[in-house]
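**Student:** for reference, the sequence and a predicted model appear below.
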Amino acid sequence: MHTRAQRQQPRHEETTHFGFKTVPTEAKESLVRDVFSSVASKYDVMNDAMSLGVHRLWKDHFIRSMAPAPGARLLDVAGGTGDIAQRFLAYQDETSGDAQGSVHMVDINPDMLREGEQRFAGSRWQQQARIGYTVGNAEKLDFVEDNSYDLYSIAFGIRNCTHPDRVVKEAFRVLKPGGRFMCLEFSRVTNPLLAAAYDLHSFYVIPRLGELIAGDRASYEYLVESIRRFPPQDGFAQIIRDAGFATIGKGYENLTFGTVAIHSGYKF
Ligand SMILES: C[S@@+](CC[C@H](N)C(=O)[O-])C[C@H]1O[C@@H](n2cnc3c(N)ncnc32)[C@H](O)[C@@H]1O
């Protein structure tokens, strides 16, 4: 039997972070969805403005590091407007001749995915049925069979997920034995001087650009804050190993002084 005082106590609620805010865990997914719905139409132009175009080089390097085999099938999760899918298919065309690979994009946000679909509408890749789209949550890919993909990618997506460890476990489930998980994500700049300059850019320049270009300061404040909440390089490499992946060496490569890192793991 509960006493009156016990009954009046608020129910314990699980919380998580949304940028620097603490929110109920169950609310995060829809808050993140709102952010990306708000930025979807300006997403590509903002990426160029915030990174001075450097995000293109990071993504190019990501696909070169992936070096997909001829005919490989990629699941690109949090695929957004299709930057990774586009580079993957272009790489396949350049290197694989007739052995066509394919990519399936998954994203929780239909507005982002629609931007991607529009980008590829009428392209030869769409005509060849080498690209597909599904709205879905990286944490629960129940529409994807076990052991079904050669490659899994997630670029600038996992830090927005409520449970990154569940995302990596799902990646392990859907990859074939021998398959490879690859993640491109903002990480930690270790040099203190560079880190200070980067903080200045992140907390002053990026929200201002968001306000000027996308008319949305709050979403870009969230994006910057979410980077600080994501585990640093070694911590994330451990999450990947805990999910069952084997890593080579420390399991990641830093780009631009650790502004971003490429993490990689193999399912054996
Ligand atoms: C910063 S964008 C990155 C898009 C693209 N991969 C790129 O590199 O340009 C992050 C994407 O992650 C998606 N996302 C966030 N949480 C997700 C989740 N739980 N499952 C699937 N996608 C998610 C967002 O909707 C958004 O499209």
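**Tutor:** Ah, there it is. Numbering: from 1, shown residues only.

**Student:** tell me where this structure has helices.
**Tutor:** According to DSSP state H, the chain carries its helices in the segments 4-8, 25-39, 43-51, 54-66, 83-96, 110-120, 124-127, 164-174, 192-200, 206-209, 217-229, 233-242.

**Student:** quick one: the longest one to chain centroid distance?
**Tutor:** Using C-alpha atoms, centre = their mean, to the nearest Å, the mean C-alpha position of helix 25-39 is found 14 Å from that of the whole chain.

**Student:** just the C-alpha atoms of that helix, please, in PDB.
**Tutor:** What follows is helix 25-39, C-alpha atoms only, in PDB (Å, rounded to 0.1, in the frame of the first residue of the first chain):
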ATOM      1  CA  THR A  25      14.100   9.900 -23.600                       C
ATOM      2  CA  GLU A  26      11.000   9.300 -25.600                       C
ATOM      3  CA  ALA A  27      10.800  12.900 -26.800                       C
ATOM      4  CA  LYS A  28      14.200  13.000 -28.400                       C
ATOM      5  CA  GLU A  29      13.300  11.200 -31.600                       C
ATOM      6  CA  SER A  30      10.600  13.700 -32.500                       C
ATOM      7  CA  LEU A  31      12.700  16.700 -31.500                       C
ATOM      8  CA  VAL A  32      15.400  15.500 -33.900                       C
ATOM      9  CA  ARG A  33      12.800  14.900 -36.600                       C
ATOM     10  CA  ASP A  34      11.600  18.500 -36.200                       C
ATOM     11  CA  VAL A  35      15.200  19.800 -36.500                       C
ATOM     12  CA  PHE A  36      15.800  18.000 -39.800                       C
ATOM     13  CA  SER A  37      12.300  18.900 -41.200                       C
ATOM     14  CA  SER A  38      13.200  22.500 -40.500                       C
ATOM     15  CA  VAL A  39      16.600  22.400 -42.200                       C
END
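
**Student:** show me what it is packed against.
**Tutor:** strand 15-18, helix 110-120, helix 217-229 (3 or more C-beta pairs under 8 Å, 6 or more residues apart in numbering; DSSP states H and E). For the C-beta atoms, the positions are set from N, CA and C on the backbone; glycine is no exception.

**Student:** please repeat the previous calculation with a cut-off of 10 Å.
**Tutor:** strand 15-18, strand 21-24, helix 43-51, helix 110-120, helix 217-229 (3 or more C-beta pairs under 10 Å, 6 or more residues apart in numbering; DSSP states H and E).

**Student:** repeat for the last one
**Tutor:** Here helix 233-242 is seen to pack against helix 164-174, strand 175-186, strand 252-255, strand 260-266 when contacts are counted using 3+ C-beta pairs under 10 Å, 6+ apart.

**Student:** pLDDT of it, averaged?
**Tutor:** Average pLDDT, helix 233-242: 98.

**Student:** what of the fourth one?
**Tutor:** Helix 54-66 shows an average pLDDT of 98 in the prediction.

**Student:** helices or strands up against that helix?
**Tutor:** For helix 54-66, the packing partners by 3+ C-beta pairs under 10 Å, 6+ apart are helix 43-51, helix 83-96, strand 149-155, strand 175-186, strand 252-255, strand 260-266.

**Student:** ok, now which ones touch Gly101?
**Tutor:** Taking C-beta atoms under 10 Å, 6 or more residues apart in numbering, we find Gly101 in contact with 68-74, 88-89, 91-93, 95, 130, 150-151.

**Student:** likewise Thr134?
**Tutor:** Neighbours of Thr134 in contact, by C-beta under 10 Å, 6+ apart: 75, 77, 79, 104-107, 113, 141, 143-144.

**Student:** make JSON lines from these and add distance to the ligand and neighbour count to it.
**Tutor:** As requested, the contacts of Thr134 are exported to JSON lines (distance: C-beta to the nearest ligand atom, whole Å; neighbours: other C-beta atoms under 10 Å):
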{"residue": "Leu75", "distance to the ligand": "11", "neighbour count": "26"}
{"residue": "Val77", "distance to the ligand": "6", "neighbour count": "30"}
{"residue": "Gly79", "distance to the ligand": "5", "neighbour count": "26"}
{"residue": "His104", "distance to the ligand": "13", "neighbour count": "20"}
{"residue": "Met105", "distance to the ligand": "9", "neighbour count": "27"}
{"residue": "Val106", "distance to the ligand": "6", "neighbour count": "22"}
{"residue": "Asp107", "distance to the ligand": "5", "neighbour count": "27"}
{"residue": "Leu113", "distance to the ligand": "7", "neighbour count": "23"}
{"residue": "Leu141", "distance to the ligand": "9", "neighbour count": "21"}
{"residue": "Phe143", "distance to the ligand": "12", "neighbour count": "10"}
{"residue": "Val144", "distance to the ligand": "12", "neighbour count": "20"}
